[in-house]
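1. Could you work out the structure for the sequence below:
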Amino acid sequence: SASFDKTVKVWNSATGELILTLKGHSWIVTSVVWSPDGTKLASGSGRVDHGDWCAGEVFIWDSASGAKLTQLEGHSSLVTSLVWSPDCTKLVSGGDGSGSEIFSSDNPGEILVWDAATGVKLFELKGHSKRVTSVVWSPDGTKLA
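-> Numbering: from 1, shown residues only. Alright, predicted model coming up:
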């Protein structure tokens, strides 16, 4: 689970027991997703400054130990969606573009595709004129929506 307390928490789904608390985000955590193979988690956040979303963070974590493996740098604003490729080699993050006002739906969208192992930004998908709220891979890994 992702929270305004700047953490990600991993829970036992059968008992409700807290297993891990992942700390390291500078701002509220707005999204979290498991890798398809279950070995990693990705989390996204955003920072508010004077009423505007100013920067975004994406972290990749080891799901067993809770160690932060990688920080992906390049989001200009709030990260609202994360999704792993089916083969776990890429991560896609979506959110607001630069200078986005918190309560405006007219913010430009931002979608970044990353190499999950190196943290290198591979490319950006452009075309949304407003905030991106969700991103998903096709099951065969050949398309994004």
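2. Identify the residues contacting Ser43.
-> By Cβ atoms under 8 Å, 6 or more residues apart in numbering, the residues touching Ser43 are 2, 8, 22, 25, 29, 31-33, 58-59, 61, 82. The C-beta positions use only the backbone N, C-alpha and C, and glycine is treated the same way.
3. tally of neighbours for Thr133?
-> Thr133 sits with 13 neighbouring residues when counted by other Cβ atoms under 10 Å.
4. so how far is Gln71 from it?
-> 23 Å (Cβ to Cβ, to the nearest Å).
5. repeat for Val83
-> Val83 is 18 Å from Gln71, by Cβ to Cβ.
6. Neighbour count: these two, which is higher?
-> The neighbour comparison of Val83 against Gln71 (other Cβ under 10 Å) goes to Val83, with 20 against 12.
7. thinking that one is in contact with Trp137, fair?
-> Yes: counting by Cβ atoms under 8 Å, Trp137 is a contact partner of Val83 at 5.6 Å.
8. what is in contact with these two at once?
-> Val92.
9. my guess is Phe59 meets His25, correct?
-> Yes: Phe59 is in contact with His25 according to Cβ under 8 Å; the separation is 6.8 Å.
10. show me where pLDDT drops low in this structure?
-> Applying pLDDT under 70 to the chain picks out residues 48-54, 97-107.
11. quick one: the strands in it?
-> Assigned by DSSP state E, the chain shows strands spanning 7-11, 18-23, 28-34, 40-49, 52-62, 68-72, 79-84, 90-96, 109-115, 121-125.
12. out of those strands, deepest packed?
-> Of all those, strand 90-96 has the most neighbours on average by mean count of other Cβ atoms under 10 Å, namely a mean of 25.
13. Just checking: what are the partner strands of that strand?
-> In the sheet, strand 90-96 lines up against strand 79-84 (antiparallel), strand 109-115 (antiparallel) (DSSP bridges).
14. Not counting its own residues, what contacts stretch 108-127?
-> Contacts to stretch 108-127, defined as Cβ under 8 Å, 6+ apart, come from residues 35, 40, 42, 58, 60, 70-77, 84-85, 88-98, 100, 128-132, 135, 144.
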